[in-house]
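Engineer: give the three-dimensional model of this entry:
(one chain, ligands or ions: 2)
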Amino acid sequence: MCIVETYPSCSVTILSDQFSPNTTSDVAAGMLIPHTHPGTPIHVQKQWFKDTFAYLFAISNSAEASEAGIHLVSGWQVFKNTPKEELPFWSDVVLGFRPMSKAELQKFPQHRFGQAFTTLKCDCPPYLLWLEKRLKATGVQMYTRKVADLWDLHSEYNVVVNCAGIGAHQLVGDEKLFPVRGQVLRVHAPWVKNFIRDGDGLTYIYPGIHRVTLGGTRTEGSWSLSPDPGTTKDIFDRCCSLEPSLRGAEDVQVKVGLRPSRQCVRLQRELLSQGGVKLPVVHNYGHGSGGFSMHRGTAKEAARLVGECIAALEGSSSRAKL
Ligand SMILES: Cc1cc2nc3c(=O)[nH]c(=O)nc-3n(C[C@H](O)[C@H](O)[C@H](O)COP(=O)(O)OP(=O)(O)OC[C@H]3O[C@@H](n4cnc5c(N)ncnc54)[C@H](O)[C@@H]3O)c2cc1C
Ligand SMILES: O=C([O-])CC(=O)C(=O)O
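Structural biologist: Ligands and ions are numbered 1, 2, ... in the order given. I've put the predicted structure just below:
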């Protein structure tokens, strides 16, 4: 979408072996609470989050909000012990960030400290469909196709953007990319209106427009996409200890996804070359636990890199197929 908006004369094609609802992004809880990537400067991560927050905040304030599945949600992040960093880097991007009052903390007898704020949540499957609809309306082509090797695309396209998520492990042989398996539940509990996140990052309750997402798990190195019934019970019990009324939740659906994890997002240009033929590639994968929180910011940067590829192509003698 960012490429289409920035370079309207480009013809864009999306190739994917799976589309919504069968992607990792469909499993995500979609909360805008960033995770820290140790390999990326904080000011860069903050800019990606700010760009994403501003973009989704505008949608949440428009008539598109409910179709796009974007809404504001207020709640609490609670800690058993006061964290070393009381003010996370994103505290002035979300709205109304403040320490919780004593009265609020009374709801959480096992926790001593907490942060209250308002952030955004994407209900991921509707958001992905909304994006697809907008892309199709601008003439973008979408084909179901598994790409075995980026080089296979060189005769058809001038620039390739690699957004393969965990698929990049196989596609470009990136050994630094690893799965962090996550299981979540989606339940019917319409009385739950506030989010609750344990600061240890393992247990969370995120109300969406229609369902509440209960999480979660983080299993590094596991490629299994099968739900585990023991884990379902464990997640449910942990969430009920934070919000006992969830015992009355109904219609539990279980989802599993593989977070495409890396020390840092791979957001860079690469020039593939074989026998004097060149193929510029822009990589944009490895968003780990925070793909929704920074997707618009990283997409903007990827689009800027595509612009550099276009400028280089225009300056070279290759015949443009753009
Ligand atoms: C349980 C869970 C909860 C999460 N909660 C949150 C949250 O609350 N907030 C947040 O910010 N993030 C969250 N995340 C993280 C977020 O889901 C990811 O960072 C994000 O979805 C990654 O998006 P992506 O587009 O890179 O990958 P994907 O959504 O996996 O998309 C990659 C696409 O590439 C395609 N593909 C891959 N390989 C190939 C190939 N060889 N050929 C053709 N197509 C290919 C795939 O089919 C897919 O369509 C969560 C993740 C999980 C698992
Ligand atoms: O940690 C959270 O709040 C949700 C999330 O991003 C994840 O499970 O990866």
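Engineer: for stretch 219-239, measure first residue to last.
Structural biologist: 18 Å (C-alpha to C-alpha, to the nearest Å).
Engineer: quick one: contacts of that stretch?
Structural biologist: 178-185, 198, 202-205, 214-217, 246, 252, 254-258, 261 (C-beta atoms under 8 Å, 6 or more residues apart in numbering). The way it works is simple: take the backbone N, C-alpha and C, and place the C-beta from them, glycine included.
Engineer: would you put the C-alpha positions of stretch 252-266 in CSV?
Structural biologist: The C-alpha trace of stretch 252-266 is given here as CSV (Å, rounded to 0.1, in the frame of the first residue of the first chain):
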residue,chain,number,x,y,z
VAL,A,252,-13.3,-20.4,22.8
GLN,A,253,-11.3,-20.5,19.5
VAL,A,254,-7.6,-21.4,19.5
LYS,A,255,-5.0,-19.9,17.1
VAL,A,256,-1.3,-20.6,16.7
GLY,A,257,1.2,-18.5,14.8
LEU,A,258,5.0,-18.2,14.4
ARG,A,259,6.5,-14.8,15.2
PRO,A,260,9.2,-14.1,12.6
SER,A,261,11.9,-13.2,15.2
ARG,A,262,15.3,-11.7,14.7
GLN,A,263,17.7,-9.4,16.5
CYS,A,264,16.4,-6.6,14.2
VAL,A,265,14.0,-6.3,11.4
ARG,A,266,15.7,-6.9,8.1
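Engineer: any buried residues in that stretch, and which?
Structural biologist: Residues Val254, Lys255, Val256, Gly257, Leu258, Arg259, Pro260, Ser261, Arg262, Cys264, Val265, Arg266 are the ones in stretch 252-266 that count as buried (16 or more other C-beta atoms under 10 Å).
Engineer: so where does the fifth one fall, helix or strand?
Structural biologist: Secondary structure from DSSP states H and E places Leu258 in strand 250-261.
Engineer: near ligand 1, anything from that strand?
Structural biologist: Yes - Strand 250-261 is in contact with ligand 1 by C-beta under 6 Å from any ligand atom, via Gly257, Arg259, Pro260.
Engineer: just the residues you listed now: which is nearest ligand 2?
Structural biologist: Taking C-beta to the nearest ligand atom as the measure, ligand 2 lies nearest Arg259 of the residues of strand 250-261 next to ligand 1, at 5.7 Å.
Engineer: nearest residue to that closest one other than its sequence neighbours?
Structural biologist: Excluding its sequence neighbours, the residue lying closest to Arg259 (C-beta to C-beta, 6 or more residues apart in numbering) is Val180, at 4.2 Å.
Engineer: for Ile59, same thing?
Structural biologist: Nearest one to Ile59, counting by C-beta to C-beta, 6+ apart, is Ile70 at 4.7 Å.
Engineer: tally of neighbours for the one you found?
Structural biologist: Ile70 has 26 neighbours, counted by other C-beta atoms under 10 Å.
Engineer: now do the contacts for it.
Structural biologist: By C-beta under 8 Å, 6+ apart, Ile70 lies in contact with Leu56, Ile59, Ser60, Leu120, Lys121, Cys122, Asp123, Tyr127.
Engineer: quick check: bridge partners of it?
Structural biologist: For Ile70, the beta-bridge partners under DSSP bridges are Cys122.
Engineer: separation between it and ligand 2?
Structural biologist: Separation of Ile70 from ligand 2 (C-beta to the nearest ligand atom, to the nearest Å) stands at 16 Å.
Engineer: for the residue of the stretch 151-300 of the chain found nearest ligand 2, helix, strand, or coil?
Structural biologist: Closest contact between the stretch 151-300 of the chain and ligand 2, by C-beta to the nearest ligand atom, is at Ser289 (3.3 Å). In three-state terms, and counting by DSSP: H, G, I helix; E, B strand; the rest coil, Ser289 is helix.
Engineer: need the three-state assignment for the nearest residue in space to it that is not next to it in sequence.
Structural biologist: Nearest residue to Ser289, sequence neighbours excluded (C-beta to C-beta, 6+ apart): His35, at 4.3 Å. With three-state DSSP as the basis, His35 sits in coil.
Engineer: would you agree His35 is in contact with Gly288?
Structural biologist: Yes - the pair formed by His35 and Gly288 meets the contact definition of C-beta atoms under 8 Å, at 6.2 Å.
Engineer: for the chain, give me the ranges with low pLDDT.
Structural biologist: Along the chain, the model assigns pLDDT under 70 to residues 317-322.
Engineer: spell out which parts of it neighbour ligand 2.
Structural biologist: Within the chain, the residues that sit near ligand 2 (C-beta under 6 Å from any ligand atom) are Ala29, Met31, Ile33, Gly182, Arg197, Gly201, Tyr204, Gly215, Gly216, Arg259, Ser289.
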